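1. Let's see this in three dimensions:
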Amino acid sequence: MGQDEIWCEVALWPNCSSITTAICHASASIDSFHERMISATQSKHRQGIKSMFILIYWAIWRERNSRVFNDKEISFRKICFFIKDEARECAFAGAKTLRKLLWEPP
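-> Numbers count the residues shown, from 1 in each chain. Below you'll find the predicted structure:
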């Protein structure tokens with residue numbers, strides 16, 4: 001499982017298709033990837049993408065720790081479901097930028 005696969009899955013979600021251009025270009029660093037992704041996103045969805053960025057890297061970090069410390073591997077699908085569930089919970093808890101990103105009409 002790679003971060004590119006996860007980002008490709010997220011790009012299929014509502015209002016996230018603009019990040020496809022950032023995914024297609026190899027990045028020298030996470031910072032340059034983050035900058036390209038933000039610049040490719042409509043200004044009204046940038047804060048939501050920033051939140052999604054944090055959620056995705058948190059999920060990757062959790063999966064890495066699970067593999068290293070617990071010798072457990074979670075499937076790609078489960079990681080994507082986890083990210084979507086976390087984004088939904090954050091949106092319902094008041095994260096307006098995630099709510100706009102995931103449910104506002106384009």
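2. make it CA atoms for all contacts and neighbour counts henceforth
-> Noted.
3. ok, and the helix or strand in this structure with the lowest average confidence?
-> helix 20-24 (a mean of 74; mean pLDDT, DSSP states H and E).
4. So which residues lie in contact with that helix, not counting its own?
-> With contact meaning C-alpha atoms under 8 Å, 6 or more residues apart in numbering, helix 20-24 is reached by Asp4, Trp7, Cys8, Ala11, Phe33, Arg36, Met37, Ala40.
5. Spatially, which two of the residues you listed are the most separated?
-> Within the contacts of helix 20-24, Asp4 and Ala40 form the most distant pair, 16.1 Å apart (C-alpha to C-alpha).
6. Looking at these two, which has the bigger crowd around it?
-> In this view Asp4 and Ala40 are compared by other C-alpha atoms under 10 Å, and Ala40 has more residues nearby, 17 against 13.
7. Sort out which residues of stretch 13-22 are buried, please.
-> Across stretch 13-22, burial judged by 16 or more other C-alpha atoms under 10 Å covers Asn15, Cys16, Ser18, Ile19, Thr20, Ala22.
8. Just put those in a markdown table and tack on distance to Thr97.
-> Converted to a markdown table, the buried residues of stretch 13-22 look like this (distance: C-alpha to C-alpha, whole Å):
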| residue | distance to Thr97 |
| --- | --- |
| Asn15 | 12 |
| Cys16 | 12 |
| Ser18 | 16 |
| Ile19 | 16 |
| Thr20 | 19 |
| Ala22 | 20 |
